[in-house]
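S.K.: Need a 3D model of the following:
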Amino acid sequence: HTSMLFFTASLSIVIAEMTDFSGFEIDLNKYQKVAINPFTTEALSADQIAAVKNNIEVCRDAIVFFTACGSASGYGGHTGGAFDTVPEVVLLDAFFRACPDKFVPILFDEAGHRVATQYLFSVLDGKLPAKELKRYRVGHANLPGHPELHCTPGVKFSSGRLGHMWPFVNGVAMANPTKISICLGSDGSQQEGDDYEAAILAVAQDLPVKLIIDDNDVTIAGHPSKYLKGYDVAKKLEGQGMKVTVVAGEGLEALYPAMRNCMVHSGPYAVVIRRKMCPGIEGVEGQCGGHDAIAVAKAVTYLTNKGHTAAVQWLEGDAKKAEKDPQAGDYLGTKGSKVGANRALFGECVVKILESMSLEERKSKVMVIDSDLEGSTGLKVIHQKCPDVFVQSGIMERGNFSAAAGFGMEKGKVGVFSTFAAFLEMCVSEITMARLNYANVLCHFSHSGVDDMADNTCHFGINNFFADNGLDEHHPSQLYWPADFHQLEQCMNTIFWDEGIRFLFTTRSKLPAIQAEDGSELFGGSYKWTKGKDDVVRKGSKGYVVSFGDALYRALDAVERLRAEGHDVGLINKSHLNAVDEETMKLIGGTSMCLVVESLGRKTGLGIRFGTWLLERGFAPKYGYIGVTKEGSGGLFEHAYHQGYDSKSIQTKVKSML
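M.R.: Numbering: from 1, shown residues only. Coordinates of the predicted model:
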């Protein structure tokens with residue numbers, strides 16, 4: 001344990017809290033606990049400038065190191081946002097320390113991928129041992145990809161999804177009217193509609209809310225200055241009546257006065273800080289790739305130049321030791337199968353359909369709109385091969401969905417929209433409006449379920465059935481979740497030109513081809529996918545497991561092992577989630593047991609309705625359902641075990657029902 005020193009504005013020395021920096025290859029003892037009162041300190045002294053600059057370097061080196069550990073281990077993560085915002089965060093830390101009675105001392109951040117900031121300051125505040133940072137995003141390490149309250153020691157809030165924090169901070173300010181509330185923002189998060197509303201309220205109520213915005217002109221898929229012509233964070237906020245200062249972020253001579261003026265001002269105020277992404281990191285500066293976890297090679301170069309030999313040795317050695325699914329390569333029914341990324345295949349299927357049309361025909365009939373996730377949801381190949389129908393838009397899911405719906409309002413036209421399944425919840429009202437307007441929209445919601453969801457709970461795509469929220473007489477809304485890459489391709493070719501809203505779900509993780517009992521690929525060859533029909537993967541006389549998505553191959557392994565033990569249970573793949581297959585109902589109804597296994601929420605998924613469908617038809621087998629019930633464990637494959645839809649958990653549940 002190390003006692004730290006910090007300096008007040010007059011440089012008096014005080015003993016700070018006990019901290020544990022051992023086992024971490026960047027020397028955090030060098031961080032100086034500076035205290036600066038912005039209300040009385042018009043300009044920083046030479047000693048203060050030196051201390052703040054030192055702290056910036058310590059923090060940036062640490063962030064590069066432990067986020068690179070995520071790259072090395074395969075758990076991924078995000079470096080750039082946290083790295084960028086260090087100067088303003090270090091100043092805010094000094095403000096909090098000097099004037100604890102004037103601030104709500106929480107670094108609220110509406111960009112959850114900057115979580116490295118929260119973890120680093122949890123360590124500096126003595127709440128978390130520094131060595132734990134090297135397990136960034138590892139399953140059960142309590143360091144998930146977004147900050148979550150009651151998960152990580154020292155973390156004081158849950159960021160939720162991008163661009164959702166400012167309205168919440170407005171409420172914090174209302175609860176603490178005599179104190180300043182801080183919200184860290186970004187040019188990406190400010191694209192969300194919530195922030196427009198938050199600005200209006202903050203100005204109308206003259207709230208003591210201060211927005212500190214990193215304007216680095218980088219989001220996941222591009223540069224806003226290029227794909228959103230006319231978008232300007234400062235002008236947007238000024239248009240809502242906020243006081244705004246625009247400043248260069250890499251020099252304290254400009255940054256400190258701007259930050260000070262922001263704090264001294266009595267009402268809402270935004271400092272828009274312009275800089276390149278990852279300033280000073282060779283090969284990363286200004287690049288979109290800087291948003292993600294820095295590649296090990298780039299981190300090694302950076303850290304070597306800074307003299308951090310021990311950190312480099314860790315990255316090139318122990319950091320590469322990654323946890324793996326203990327059953328990997330041994331799932332019965334898919335062992336040896338090819339695997340495919342359905343979320344990427346979606347885009348390839350769309351391209352094949354578009355390339356079968358003339359240029360004029362596809363321009364008149366199809367519009368594909370992205371929400372800054374083209375590389376993650378499969379739309380990138382459409383952008384590359386069919387740019388004539390592609391709209392590169394920003395982080396504006398609700399507006400983008402409605403634009404797709406408006407394009408598809410006319411018979412024979414289709415709007416194609418894609419984002420993460422977690423964000424489906426944001427679009428529910430717009431989905432209703434599209435349905436009322438008889439719009440034709442093909443929606444791809446990738447990252448459905450929880451598998452491989454290192455960003456953790458706020459990115460769970462578990463409420464997909466919210467999409468089917470219309471009346472029986474409304475325009476149809478069909479929900480599809482293909483089992484593997486074979487089934488996805490057939491599904492896409494079948495539903496692309498259907499009328500109404502079609503929702504196609506895929507996982508973040510890759511899925512193996514499902515095998516027939518003879519070892520062949522069940523959905524390959526002569527197989528034909530049909531809307532409204534379930535697939536009998538295995539027949540059983542004692543009961544059935546009903547599953548889909550990434551839960552299916554896990555359920556198949558469970559069924560195969562149960563059958564080997566003499567339990568004659570079968571397996572149904574339900575790729576058309578909200579359609580009742582009468583033949584399947586009769587098949588299951590003729591047995592004594594039915595268990596639904598899914599990676600959707602247990603409160604809202606297939607399980608809460610499948611039993612009703614059976615009862616409505618006079619069937620009453622013993623019924624159960626397994627779904628997502630817990631906040632995330634962090635990590636990748638770990639979620640299936642944590643939620644209890646792994647093979648062993650399924651086997652245990654089935655045995656209890658037989």
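
S.K.: Can you name the residues in contact with stretch 244-254?
M.R.: 44, 49, 52-53, 84, 87-88, 214-215, 234, 237-238, 255, 258, 261-262, 269-275, 279 (Cβ atoms under 8 Å, 6 or more residues apart in numbering). Glycine gets a C-beta too; all of them are placed from N, C-alpha and C.

S.K.: start to end distance for it?
M.R.: The first residue of stretch 244-254 is 14 Å away from its last residue (Cα to Cα, to the nearest Å).

S.K.: what does stretch 155-173 give?
M.R.: Using Cα to Cα, the two ends of stretch 155-173 sit 19 Å apart.

S.K.: Give me the distance from it to the chain's centre.
M.R.: When distances are taken as Cα atoms, centre = their mean, to the nearest Å, stretch 155-173 is centred 16 Å away from the chain's centroid.

S.K.: What subset of the contacts of stretch 244-254 is buried?
M.R.: If you count burial by 16 or more other Cβ atoms under 10 Å, the buried members of the contacts of stretch 244-254 come out as 44, 52, 84, 87-88, 214-215, 234, 237-238, 255, 258, 262, 269-275, 279.

S.K.: Can you flag which of those residues belong to strands?
M.R.: Judged by DSSP state E, these include 214-215, 269-274 as members of strands.

S.K.: which one of these sits closest to W314?
M.R.: Taking Cβ to Cβ as the measure, W314 lies nearest D214 of these, at 28.2 Å.

S.K.: got the contact list for the closest one?
M.R.: Per Cβ under 8 Å, 6+ apart, neighbours of D214: 81, 84-85, 88, 111, 184-187, 249, 273, 275.

S.K.: per-residue pLDDT, it?
M.R.: Predicted confidence (pLDDT) for D214: 98.

S.K.: quick check, nearest of the ones in strands among the buried ones among the contacts of stretch 244-254 to G570?
M.R.: Ranked by distance to G570 (Cβ to Cβ), those are led by D214 at 53.8 Å.

S.K.: Show me the contact partners of stretch 607-626.
M.R.: So stretch 607-626 is in contact with 465, 543, 546, 580, 582, 585-586, 588-598, 602, 605-606, 627, 644-645, 649-650, 653, 657, going by Cβ under 8 Å, 6+ apart.

S.K.: same deal with stretch 400-410?
M.R.: With Cβ under 8 Å, 6+ apart, stretch 400-410 has contacts from 367, 369-371, 391, 393, 413-417, 419, 427, 430-431, 433-434, 437-441, 443, 501.

S.K.: cutoff 6 Å now
M.R.: With contacts defined as Cβ atoms under 6 Å, 6 or more residues apart in numbering, stretch 400-410 is touched by 367, 369, 371, 393, 414-415, 417, 427, 430, 434, 437, 439-441.

S.K.: From those, keep the buried residues only.
M.R.: Using 16+ other Cβ under 10 Å as the burial test, the contacts of stretch 400-410 include 367, 369, 371, 393, 414-415, 417, 427, 430, 434, 439-441 as buried.

S.K.: TSV please, covering those and showing secondary structure.
M.R.: Converted to TSV, the buried ones among the contacts of stretch 400-410 look like this (DSSP: H, G, I helix; E, B strand; the rest coil):
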residue	secondary structure
M367	strand
I369	strand
S371	strand
S393	strand
V414	strand
G415	strand
F417	strand
C427	helix
E430	helix
A434	helix
A439	coil
N440	coil
V441	strand
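
S.K.: all strands of the stretch 251-400 of the chain, in order?
M.R.: Counting by DSSP state E, counting those that start in this stretch, one finds strands in the stretch 251-400 of the chain at the ranges 269-274, 339-340, 366-371, 390-393.

S.K.: coming back round to it: let's have the ones in strands among the buried ones among the contacts of stretch 244-254 in CSV, adding distance to P476.
M.R.: Shown next, in CSV, are those (distance: Cβ to Cβ, whole Å):
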residue, distance to P476
D214, 43
D215, 43
Y269, 49
A270, 45
V271, 49
V272, 45
I273, 48
R274, 48
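
S.K.: surely Y645 meets E598?
M.R.: No. Using Cβ atoms under 6 Å, Y645 makes no contact with E598, being 7.2 Å away.

S.K.: which stretches of the stretch 151-300 of the chain aren't confidently modelled?
M.R.: For the stretch 151-300 of the chain, applying pLDDT under 70 flags no range at all.

S.K.: what about the lengthiest strand in the chain, distance to the chain center?
M.R.: In the chain, taking DSSP E as the definition, the longest strand is strand 593-601. On the basis of Cα atoms, centre = their mean, strand 593-601 sits 24 Å off its chain's mean C-alpha point.

S.K.: contact partners of it?
M.R.: Strand 593-601 is contacted by residues 449-450, 462-464, 543-547, 549-551, 555, 588, 605-607, 610, 621-628, 645, 650, 654, 657 when judged by Cβ under 6 Å, 6+ apart.

S.K.: Export it to PDB, keeping only CA atoms.
M.R.: Extracted C-alpha coordinates of strand 593-601, given in PDB (Å, rounded to 0.1, in the frame of the first residue of the first chain):
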ATOM      1  CA  MET A 593     -42.500 -32.400 -21.400                       C
ATOM      2  CA  CYS A 594     -41.600 -29.200 -23.100                       C
ATOM      3  CA  LEU A 595     -38.700 -26.900 -22.200                       C
ATOM      4  CA  VAL A 596     -38.000 -23.600 -24.000                       C
ATOM      5  CA  VAL A 597     -34.400 -22.600 -24.000                       C
ATOM      6  CA  GLU A 598     -33.400 -19.100 -25.200                       C
ATOM      7  CA  SER A 599     -31.000 -16.300 -24.800                       C
ATOM      8  CA  LEU A 600     -33.700 -13.700 -24.700                       C
ATOM      9  CA  GLY A 601     -35.100 -12.300 -21.400                       C
END
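
S.K.: just checking, what packs against the helix or strand where A173 lies?
M.R.: Using DSSP states H and E, A173 falls within helix 165-175. Counting contacts by 3 or more Cβ pairs under 6 Å, 6 or more residues apart in numbering; DSSP states H and E, helix 165-175 packs against strand 181-186, helix 193-204.

S.K.: Which among those is found nearest to W529?
M.R.: Ranking the helices and strands packed on helix 165-175 by proximity to W529 (Cβ to Cβ) places helix 193-204 first, at 36.8 Å.

S.K.: got any ranges where the chain has weak pLDDT?
M.R.: By pLDDT under 70, the weakly predicted segments of the chain are 1-18.

S.K.: residue nearest the centroid of it?
M.R.: H459 (4.2 Å; Cα atoms, centre = their mean).

S.K.: ok, it touching M453?
M.R.: Yes. With contact defined as Cβ under 6 Å, H459 counts as touching M453 (5.5 Å).

S.K.: and R161, that one's in a strand?
M.R.: No. Counting by three-state DSSP, R161 is not found in a strand; it is coil.

S.K.: neighbours around it, how many?
M.R.: Neighbours of R161 under the rule other Cβ atoms under 10 Å: 22.

S.K.: With adjacent residues omitted, what lies nearest to it?
M.R.: What sits nearest to R161 in space, not counting adjacent residues and going by Cβ to Cβ, 6 or more residues apart in numbering, is C458, at 5.5 Å.
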